[in-house]
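A.B. asks: Kindly generate the corresponding structure for this input.
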Amino acid sequence: MKKAKIYKPNKTAMQSGFGKTNKWILEFDTKDPTKNPLMGWESSSDTYSELKMEFSTKDLAINYAKKKKIDFELIEPKKRKVVKKSYADNFLN
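C.D. replies: Residues are numbered from 1 along each chain as shown. Presented below is the predicted three-dimensional model:
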């Protein structure tokens, strides 16, 4: 049976904002990854590993996986701890 993970992507280190982090991703796990003897790259004959599906909500992704009978692992995003900073705090301590 196909195994997938549903998650919300983190922001990349190359961006300062949170663009492209509002979608939920359904991504299939790779079965039997092998190492290419010529180039040393990791490869697989499993074409599902190349598939990434985007959903606007978590519920849509879960419903799709259940409808297609896909075993899935749900990875919840971690809550960010926001520390309010002020430039004046540098001089008050």
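A.B. asks: For this structure, just list every one of the helices.
C.D. replies: 58-67, 89-92 (DSSP state H).
A.B. asks: Just say which of the ones you listed is most tucked in.
C.D. replies: Among these, the stretch with the highest mean neighbour count (mean count of other C-beta atoms under 10 Å) is helix 58-67, at a mean of 14. C-beta: built from backbone N, CA, C; applies to glycine.
A.B. asks: which helices and strands does it pack with?
C.D. replies: strand 3-7, strand 24-28, strand 52-55, strand 71-75 (3 or more C-beta pairs under 8 Å, 6 or more residues apart in numbering; DSSP states H and E).
A.B. asks: Pairing partners for the helix-or-strand element of the chain with minimal mean pLDDT, with directions?
C.D. replies: Ranked by mean pLDDT, DSSP states H and E, the weakest helix or strand in the chain is strand 42-43, scoring a mean of 79. Here strand 42-43 has these sheet partners by DSSP bridges: strand 34-35 (antiparallel).
A.B. asks: Please list the residues outside the strand it pairs with that contact it.
C.D. replies: Residues external to strand 34-35 that are found in contact with it (C-beta atoms under 8 Å, 6 or more residues apart in numbering): 41-44.
A.B. asks: Of the helices of the chain, which shows the lowest average pLDDT?
C.D. replies: When the helices of the chain are ranked by mean pLDDT, helix 89-92 comes last with a mean of 84.
A.B. asks: starting at the chain centroid, how far to that helix?
C.D. replies: 39 Å (C-alpha atoms, centre = their mean, to the nearest Å).
A.B. asks: For residue 33, list the residues it contacts.
C.D. replies: Contacts of residue 33 (C-beta under 8 Å, 6+ apart): 42-44.
A.B. asks: And residue 37, by the same measure?
C.D. replies: Residues in contact with residue 37 (C-beta under 8 Å, 6+ apart): none are found.
A.B. asks: Check the gap between it and residue 75 for me.
C.D. replies: Residue 37 sits 33 Å away from residue 75, going by C-beta to C-beta, to the nearest Å.
A.B. asks: repeat for residue 56
C.D. replies: In terms of C-beta to C-beta, residue 56 sits 17 Å off from residue 75.
A.B. asks: Fine by me, thanks again.
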